[in-house]
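Asks: Show me how the following folds:
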Amino acid sequence: MTILLILLIFLFITYIAVGKKNRKVYIFSSFLLLATFAALRSYQVGPDGAVYANYFQSLKTMDYSNIAVYFTKEPFFYYVTKWLQDLGIDLQGWYGIIGGIFALGVCKIVYQYSEHTFLSFLSLLALGYYTFSFTGLRQTVALSIVILSIPLLKKKKYFFYILVVLLAGMFHNSALIFLIMLFMKNIKFSFRQYVVTIIIGVACTFIFRGPIYNLLYLIVENTGRFEGYAGYSYGLSWAGFIIQVSILLFSLFCMDEETRERNRLFLNLSFVGIFFQMFSALIAEMFRISMYLSISNIILISNVCMGNRFTKGSKQIATLIVASILLIYLIQSNWNYQYIFYWQNGG
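Replies: Predicted coordinates:
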């Protein structure tokens, strides 16, 4: 927890120092900070840290011809890892490359679309997206590539958008769910329609709990890709769902019409993400699918504060209130989170 606060302080200090004067310098500084903290972590960080570290060590003595035999689920990730090893990349360098790809995706959309960059980075930490990037490394790469496809989707470069999402699917084929945004990108719902649809979804989840659970379990069982993530508490209750719904409704209620139209894609990303998060109450691992979409919340949270429909002075008030809530949630939800540098505890 202490290390996350130190990272947040660094992000805040650099924002005060250069963020308001030079956006590019601040984004680049934030990229370096996020990538560096990812690179310097111990293999003990995260529930799957030791698993991936063992995979990394196993690959050192493995021939390319044996990779697909040993890693039957999307071996492309391990082929790339083996290739990096041949170039002389060690474990910390591997962490740094994966963390750098994630930081690149996040910093790109923050630079292009966030109206309050520090608030977006605070949201990234508080909502657990950054710490999750230390956990499922295959999905971290897939998620990072999906994030990089968002500008292509927004600019209607659909051919390249599809290619990038397909590339993400080579690392973790759950990323292919992001193709649904081709059909959801421009749908315009009113505030009431968003609310009614969510209520109906929740009601169906309770009424048809058994059939929905059986269907989701069948999918999970057949893919066999969700093992090892059930201990991640964000997806085990309705808490994550409530948080995501609160962010969407807050954004819809407070955004002025112009801001709402500019953020239509991010609103719909958040909306679709809510439905996958809803299913996590039945199958905990569904929250990871939701992340491909709900990471857009780091943009929504900043933009609603800077484009709300109230008085001009309310922007500062809204920013202060939202930042305080995020900071409190960051501390509360990560109180026992242990970040360890690689040189500590034999890491």
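Asks: And the next helix or strand past the helix or strand bottoming out on mean pLDDT in the chain?
Replies: In the chain, no helix or strand scores lower on mean pLDDT, DSSP states H and E than helix 209-223, which sits at a mean of 65. Per DSSP states H and E, the first helix or strand lying C-terminal to helix 209-223 is helix 239-254.
Asks: what's next to that following helix, contact-wise?
Replies: Residues outside helix 239-254 that contact it (Cβ atoms under 8 Å, 6 or more residues apart in numbering) are 127, 191, 194-195, 198, 234, 260, 263, 267, 270-271, 273-274, 277-278, 280-281, 287, 290, 294, 297, 300-301, 303-304, 308-310, 318. Heads up, the C-betas are built off the backbone N, CA and C, glycines and all.
Asks: can you dump the C-alpha coordinates of the helix or strand following it into PDB?
Replies: Moving toward the C-terminus from helix 239-254, the next helix or strand (DSSP H and E) is helix 257-262. Presented in PDB, the C-alpha positions along helix 257-262 are these (Å, rounded to 0.1, in the frame of the first residue of the first chain):
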ATOM      1  CA  GLU A 257     -24.800  17.700 -23.400                       C
ATOM      2  CA  GLU A 258     -21.700  18.600 -25.300                       C
ATOM      3  CA  THR A 259     -19.400  16.600 -23.000                       C
ATOM      4  CA  ARG A 260     -21.800  13.600 -23.100                       C
ATOM      5  CA  GLU A 261     -21.600  13.600 -26.900                       C
ATOM      6  CA  ARG A 262     -17.800  13.800 -26.900                       C
END
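Asks: What residues sit buried inside helix 257-262?
Replies: Buried residues in helix 257-262, counted by 16 or more other Cβ atoms under 10 Å: Thr259, Arg260, Arg262.
Asks: avg pLDDT for it?
Replies: Averaged across helix 257-262, the pLDDT comes to 87.
Asks: That helix - contacts with which helices or strands?
Replies: Judged by 3 or more Cβ pairs under 8 Å, 6 or more residues apart in numbering; DSSP states H and E, helix 257-262 is in contact with helix 297-306.
Asks: elements contacting the helix it packs on?
Replies: Using 3+ Cβ pairs under 8 Å, 6+ apart, the elements in contact with helix 297-306 are helix 91-113, helix 117-126, helix 239-254, helix 257-262, helix 264-279, helix 314-333.
Asks: Asn186: which of those helices is closest?
Replies: Judged by Cβ to Cβ, the one of the helices and strands packed on helix 297-306 that comes nearest to Asn186 is helix 264-279, at 6.8 Å.
Asks: Since that was my last question, I'll sign off now.
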